[in-house]
Structure formats: structure tokens, C-alpha cells
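Student: sharing a sequence plus its predicted fold:
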Amino acid sequence: MNPAFLAAEAGSSTARTLTITLFLVFVAATLAITIWASRQTKTATDFYAGGRSFSGFQNGMAIGGDYMSAASFLGIAGLIALYGYDGFLYSIGFLVAWLVALLLVAELLRNSGKYTMADVLAFRMRQRPVRTAAAVSTITVSIFYLIAQMVGAGALVALLLGIRPGTTFLGMDADAAKVATIILVGALMIVYVTVGGMKGTTYVQIVKAFLLMSGAALMTVLVLAKFNFNLSSLLGAAADQSGKGEAFLQPGLYYGVEVANNATQTFYNKVDLFSLGIALVLGTAGLPHILIRFYTVPTARAARRSVLWAIGIIGTFYLFTLALGFGAAALVGGDAIREQNAAGNTAAPQLAEQLGIDFLGGDTGGAVLLAVIAAVAFATILAVVAGLTLASSSSLAHDFYANVIKRGETSEKQEVNVARIAAFAIGAISIVLALFAQSLNVAFLVALAFAVAASGNLPAILYSLFWKRFNTSGAVWAIYGGLLSAVVLVFFSPVVSGRPNSMFPDADWQWFPLSNPGIISIPFGFLCGWIGTMLSKESDEEKYAELEVRSLTGAGAH
Amino acid sequence: MTAAFFLWYALYVIMSAYARGFMDTKVVGHINVALVFGLLQFVSTFLIAWLYSRFAARQVDPLADKIAHEIAEKGDTA
């Protein structure tokens, strides 16, 4: 039977109720944890850095939970299911990126800062301009990422609750249900952050990471079992079902597409592929919500251990996505997936349903497994969204309010209260923006966030840690230059206008040919940092020497 | 080491774009070079992470601890 039809049938009763029930159980449990955590949150260090009380393993799980978002679970599985091999590129880029964090950033950052990325940047610079720039960049990256997750949540709920156009659920049609979900997710994330701070959100991340890994592992085992644990026959079945034969298993169906008779477009497509690859691998070490995680452990060595654990967890997960994506292609089929969601975002849950039917028995079995995986997907979105909100509200409060506006003259209590208010404001803004952005492609938004992070944040961080001559002017130029170039180039790219699947399909102001600006904006960020530095005579070698010693040895670390 | 893994990754991406003939070659059954190459990126990532942790524990940590100790003793954590 056509899984799409089954989803509608099953979704209209069992799966729907089950999904809601499981999701509510998760919410109740995590709210309880959050309230418990709030009792232990007394100081600013508690709120921003969880009291620096987490172990390497706990933090590694939390990092995994923060990193493996809907884009990873739903997005990559969908891309592989629809386009085959090219989806795997995301998995690889997302993983290899962690080596940049491990080798260059994690420990040095932990030793040089207190709560946020800006602490390190502002160490040997003039505080106010650098912290302002850092706060702007942090909030920009986070909001793009936030919108992507919440749009994903809205789309997921409408489809998984089996709401077809014309039908209603609790009196809401599909659009109203999406709006309600976005608001619900936004409200929950505000609660998690304002009540629980870093302690609460970290525990939520850990729980979610455990659920996600278990769910994905289960599905992987079931998929492989269906093919007698023979990877080659899984791939063969996927290739057959796709209707594209062996080409499905080869690069080129989505990225770097070779256009006959159009050498220019072919060239652009290949460069776009490279641009995406660069943005992915350099973006992670510049993501503010990941960077603040390094501060939640007592020492730099613990930060190193966290990243090592995270690499293991995240790497294993991305290996699972291979099975999930090709499994969906083989067992559900591209057509059925596209029918539910043209971008493929529901491939993973659809696969779960099919596996449930095959292994647990009948429609009920399908409904059960669908509900479990759908609840896990919601948990995933919720946890990531909480982490992003915490990072941006921390930056607003600690970097901007405390240091720029109040010039360091606030009490801890005041600062934390501002952080809570900021969380509320950022949550509200994201909800509103997400409501307007519902037609957007989730994966593109996340890749854009990566490009902005890699262009605006990474050059400043690396220069700060490794370049003696770097100064305030350089930092400000680097951040704003990278940030603006990335955002402007995306605005004029096919993502926003000029194509049928753009944000504004009827408009056309596109002149930048690539869908990811990384290959231009990232070097530009580094260049701006260099120019800005050279234009100013400011130079503090003593401070740099101090930073070097602190960052490498841990002396004087918070 | 950073430059090395970066170049290795860049090689992978560039070959995915341009060396399709090579990447399409089958190795075992339906498994082709592209997939093997991709999986090797996983292996290399785990390997490099592991090597780094050993290098850091053996070479960097004792040195860093020694200096941090000296600084603490001098009472000079400026």
C-alpha cells in the first residue's frame, strides 16, 4: 500500500494520539528537569555556563544534542532519499568540521574566556566595539538557525498529524496547525531558557541526544536487517527504486549538476558544491551556540574530552543517516516521499512507519514507530532551539548590556535578568519571523547560518588566538565584513529570488550565481580582518603574549 | 595536521565535483569509490581526533601544566 495513504489513515487516529502523547511526556519530563535545574541556578556562572559542572561525557552528549538538529535528522535523510549520494556530502562536511573545533578552537577558547565567544575576542581589544560586533553576529546567525528549526517544526506537525488540505484537527486546518506549533515550540523554548538557563538546557540536550541516537540506531538496525545486513544490496535496492539506476549512488544528482550546452552554469554548479563544502567545514567552529558549550566544563582538558565524545557520537549518527536515507529510498520510494513533502523532510518518519509495518505488524505497528520517531524529531527541534536562544540571549546580556551599555557596572543578578528578558524577546521575534518564512527551505537556511558563522566569526576567532598584530579595528572589520558579505550575497542569490523555488519566486533581483556564499564571503572575512588590522596602529604585544600563555596553559582561567 | 586534514577533505569535495568518472567506479557490488572515499573521511576524522588526544596528553599537557604551575607559584596570574 502507498505509505502516503497509510500515513493519512494511521495519522488520523493512532499515530496522531501517540505522537502527541509521547511528545507531551517528553515535554513534561524536560520541564521537570528544567524546574529542578532552576533551583540550582543562582549565579551568573550557573545561568551562562551551568556552573561549569558538566563532565566531558555529559558535555559531549549535550554538544551532540545541540548539533544534531532537524536539518541533520530530517534534512539529510530526505536529501539522500531523494537525490542519493549528494545528501551524504552534508554528513561528511558536518562531521569533518569538528576537527577545526578540536584542533584550533575548543581548548583555547575555554582558557581565554568566561561565558561567550566575545570574551575571547575582546580580551586584548577595546571592549565596546568588539562586543557589539560579536553580539550582532551571534544574534544574526542564531536567528537564521532558529527560523529554520521552527519552520521545520511547523511543517512536521502538519504532515505528521495527518492533516490534509481541507481536513481539520482540533478545529484547526493545516496552516493554523503550523502556526500553533510554531508558537508552542517558541513558548516552550522561552520557558526552558528563562527558567533553566544553561543547566536546564544542557540536561534537555543530553536527554534528546540519547533519544535521537537510540531512535536512529533502531531504525538503522531494522533497515539493515531488511537487507540481510548487506550494504551493497541496500544500495542496489535504493538505486532501483529511485528510477535513476546507478546514478543515484554517484555524486551529481543535486550538486555540481552538469548542464548540457551550458558550460557557465556547469562551472557555477561545481563552484557552488565547493562553496557549500567550505561553509560546512568552517562554519561549526564559528557557531555561537556550540562555542558557549565549551564553557560548561571545568577545564580546557574537559573541553577537549567533550569534543572527542561529540565527534564519536555525531560521527556515528551521520553513519546512521546513510542507512536512513538509502533505506527510505529503497523502502518508501522517492515518489511517496515527495508527495508528503517536496523537500523530503518527512523521509525519516515515513521510513519509520514502513519499518513499523514490516517488523511490528500492520498499520498499528507502523503508527507506533512513526509516533516514536516523530516525537524524537520534535524533541530534537526543541532542544536545538533552546540552545540557540540561550546563546543569543547570553550574548545580548553579557556582551551588549553588561559590557557595552553598562560598561561593566551591573550586578550578576541584573545581568541574568536581562538575559531572561532577552530570551523572551528573541523567542518572540523568531516566532514572528518563522511565521512569515514558512515556505522557506530549511536546509538552505541552516547552510546560510553556517556560511555567516564561517565568514563573520571564524576569522575573528582565529586571528584573535593566533595573530599577534590583530587589533580592535581588525576584529570589527572582520566580523562586520564577513557578516555583511555573506548576508548580502545570499540576498542576491537564487535562494531569495529568480528561481521557481526561491523565497520570492515571482521576483528576480538575482545576480550572484551561487546558492552558498561561502567561497567568497569566508575569504572576504579574513581579508577584511587583515585590512582592518593594518589600517590601525593599535598593537598590544604584551596582551597577546598574555593571551597566548593563558589560552595554552590554562593559567588564570575562569 | 590541520592543513593536512583540510586538504584531504578539499580533495574529496573537488573530486566529487570533477573526477566523477573515477568516483563512479565500482569497488564491491554497488559500493563505488565515492562512497568509500566518503567513509574514509569518517575514518580519518576519528583517527585524527584520536591521534590529537594522544599527542595532547603526552606532549602538550605536561608542558602546559608545568608553566601553569610556575605562574601560580609566582603568584602572578595577571
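Tutor: Happy to help now that I have it.

Student: for chain A, give me its nearest residue in chain B.
Tutor: B:Gly29 (3.1 Å; C-beta to the nearest C-beta). Any C-beta I mention is one placed from the backbone N, CA and C, and that applies to glycine too.

Student: these two touch, right, that residue and A:Leu234?
Tutor: No: between B:Gly29 and A:Leu234 there is no contact under C-beta atoms under 8 Å: 10.1 Å.

Student: and the nearest residue to A:Gly64 once chain neighbours are set aside, what's its pLDDT?
Tutor: Excluding its sequence neighbours, the residue lying closest to A:Gly64 (C-beta to C-beta, 6 or more residues apart in numbering or on different chains) is A:Ile313, at 4.0 Å. pLDDT, A:Ile313: 94.

Student: low-confidence ranges in the chain?
Tutor: The chain I'm using is chain A. A:1-15, A:158-172, A:174, A:437-441, A:443-444 (pLDDT under 70).

Student: nope, chain B please
Tutor: When residues are selected by pLDDT under 70, those of chain B lie in B:75-78.

Student: show me the longest helix that occurs in it.
Tutor: Longest helix in chain B by number of residues (criterion: DSSP state H): helix B:33-55.

Student: looking at B:Gly29 and A:Leu234, which one has more neighbours?
Tutor: Between B:Gly29 and A:Leu234, A:Leu234 has the larger neighbour count (other C-beta atoms under 10 Å in any protein chain shown), namely 23 against 12.

Student: for the more buried one, which non-adjacent residue is spatially closest?
Tutor: A:Phe227 (4.3 Å).

Student: ok, now A:Ala155?
Tutor: Nearest to A:Ala155 is A:Asn345, by C-beta to C-beta, 6+ apart, at 6.1 Å.

Student: just checking, the one you found touches A:Ser72?
Tutor: No: applying C-beta under 8 Å as the test, A:Asn345 and A:Ser72 come out as separate, 11.9 Å apart.

Student: of these two, who's got more company?
Tutor: A count of neighbours by other C-beta under 10 Å puts A:Asn345 above the other of A:Asn345 and A:Ser72, at 27 against 23.

Student: ok, that one to chain B distance?
Tutor: 22 Å (C-beta to the nearest C-beta, to the nearest Å).

Student: in a strand, that residue, correct?
Tutor: No: A:Asn345 is assigned coil when assessed by DSSP: H, G, I helix; E, B strand; the rest coil, not a strand.

Student: wait, what's in contact with it?
Tutor: Neighbouring residues of A:Asn345 by C-beta atoms under 8 Å, 6 or more residues apart in numbering or on different chains: A:70, A:74-75, A:78, A:152, A:155-156, A:442.

Student: output stretch A:345-352 as CSV, restricted to C-alpha atoms.
Tutor: What follows is stretch A:345-352, C-alpha atoms only, in CSV (Å, rounded to 0.1, in the frame of the first residue of the first chain):
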residue,chain,number,x,y,z
ASN,A,345,11.8,16.5,5.1
THR,A,346,9.5,13.6,6.1
ALA,A,347,11.6,10.8,4.6
ALA,A,348,12.8,9.6,8.1
PRO,A,349,9.4,9.4,9.7
GLN,A,350,7.9,7.8,6.7
LEU,A,351,10.7,5.2,6.8
ALA,A,352,9.9,4.6,10.5
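
Student: measure how far it is from the centre of its chain, please.
Tutor: Distance of stretch A:345-352 from the chain centroid (C-alpha atoms, centre = their mean, to the nearest Å) equals 19 Å.

Student: what comes up buried for that stretch?
Tutor: Buried residues in stretch A:345-352, counted by 16 or more other C-beta atoms under 10 Å in any protein chain shown: A:345-352.

Student: just the element for the residue nearest to A:Pro517 when sequence neighbours are not counted, please.
Tutor: Of all residues not flanking A:Pro517 in the chain, A:Leu489 sits nearest, at 3.6 Å (C-beta to C-beta, 6+ apart). Using DSSP states H and E, A:Leu489 maps to helix A:472-491.

Student: show me what that helix is packed against.
Tutor: Judged by 3 or more C-beta pairs under 8 Å, 6 or more residues apart in numbering or on different chains; DSSP states H and E, helix A:472-491 is in contact with helix A:127-160, helix A:442-452, helix A:458-466, helix A:518-534.

Student: the longest one: how far from the chain's middle?
Tutor: So the one you mean is helix A:127-160. On C-alpha atoms, centre = their mean, the centre of helix A:127-160 falls 9 Å from that of its chain.

Student: got the angle between that helix and helix A:458-466?
Tutor: In terms of direction (axes from the mean of the first three to the mean of the last three C-alpha atoms, to 10 degrees), helix A:127-160 departs from helix A:458-466 by 130 degrees.

Student: just the angle for helix A:127-160 relative to helix A:442-452, thanks.
Tutor: Counting by the same axes, to 10 degrees, helix A:127-160 lies at 170 degrees to helix A:442-452.

Student: so after helix A:127-160, what's the next helix or strand?
Tutor: Criterion used, DSSP H and E; the element after helix A:127-160 is helix A:174-226.

Student: run the contact check for that next one versus chain B.
Tutor: No: in terms of C-beta under 8 Å from any C-beta of the partner chain, no part of helix A:174-226 sits within range of chain B; the closest distance is 14.2 Å.

Student: now the angle between helix A:127-160 and that helix, please.
Tutor: Here the directions of helix A:174-226 and helix A:127-160 differ by 80 degrees (the same axes, to 10 degrees).

Student: just after helix A:174-226, pick out the following helix or strand.
Tutor: Next along the chain after helix A:174-226, taking DSSP H and E as the criterion, comes helix A:231-242.

Student: hang on, the earlier thing: can you tell me how far the residue nearest to A:Pro517 is from chain B?
Tutor: If you measure A:Leu489 against chain B using C-beta to the nearest C-beta, the figure is 20 Å.

Student: contacting residues around that residue?
Tutor: For A:Leu489, the contact set (C-beta under 8 Å, 6+ apart) comprises A:512, A:514, A:517, A:520-521.

Student: list the buried residues of stretch A:202-221.
Tutor: A:202-209, A:211-213, A:215-216, A:218-220.

Student: residues contacting the residue nearest the centre of chain B?
Tutor: When C-alpha atoms, centre = their mean is applied to chain B, the residue found nearest the centroid is B:Ile48 (3.7 Å). B:Ile48 makes contacts with A:99, A:103, B:1, B:5, as judged by C-beta under 8 Å, 6+ apart.
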